[in-house]
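Participant: Here is my input; please provide its structure:
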Amino acid sequence: MANPEPKTCASCGRRIEWRKKWERDWESVRYCSTACRRHGVDDADQRLVAASEVVVTQGGHVVDPSTARDAIRIRRT
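Facilitator: Okay, the predicted model is just below:
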């Protein structure tokens, strides 16, 4: 069986790669970590990202939320 398509974390936007341990629960996986599960996501975050009104930056450069590590900043576009 081929691995299913990666998902996007509902909280931080990072890419979630399929893992063997999630085989039975892959359909219900929504978050990349326990911290993201605790934090969740609010309606304002979803609206801003969907409308492309904000970008994620790191070190002054726009970065993909899936690959960003450590401290990030969010700014309006």
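
Participant: From now on I want contacts and neighbour counts done on CA atoms only, so please keep to that.
Facilitator: Fine.

Participant: Just read off the phi/psi values of the residue nearest to residue 16 when sequence neighbours are not counted.
Facilitator: Sequence neighbours aside, residue 7 is the residue nearest to residue 16 in space, at 5.0 Å (criterion: Cα to Cα, 6 or more residues apart in numbering). The phi and psi values for residue 7, taken as degrees, to the nearest 10, are phi -110, psi 170.

Participant: From what I see, residue 7 and residue 13 are in contact.
Facilitator: No: counting by Cα atoms under 8 Å, residue 7 does not reach residue 13; the two are 9.2 Å apart.

Participant: Check what pLDDT the closest residue to residue 48 other than its chain neighbours gets.
Facilitator: Closest residue to residue 48 apart from its sequence neighbours, by Cα to Cα, 6+ apart: residue 54 at 6.1 Å. pLDDT, residue 54: 82.

Participant: I'd like to know the beta-bridge partner residues of residue 54.
Facilitator: Per DSSP bridges, the residues bridged to residue 54 are residue 76.

Participant: what residues are up against it?
Facilitator: Neighbour list for residue 54: 48, 74, 75, 76, 77 [criterion: Cα atoms under 8 Å, 6 or more residues apart in numbering].

Participant: If anything else comes up later, I'll come back, but that's it for now.
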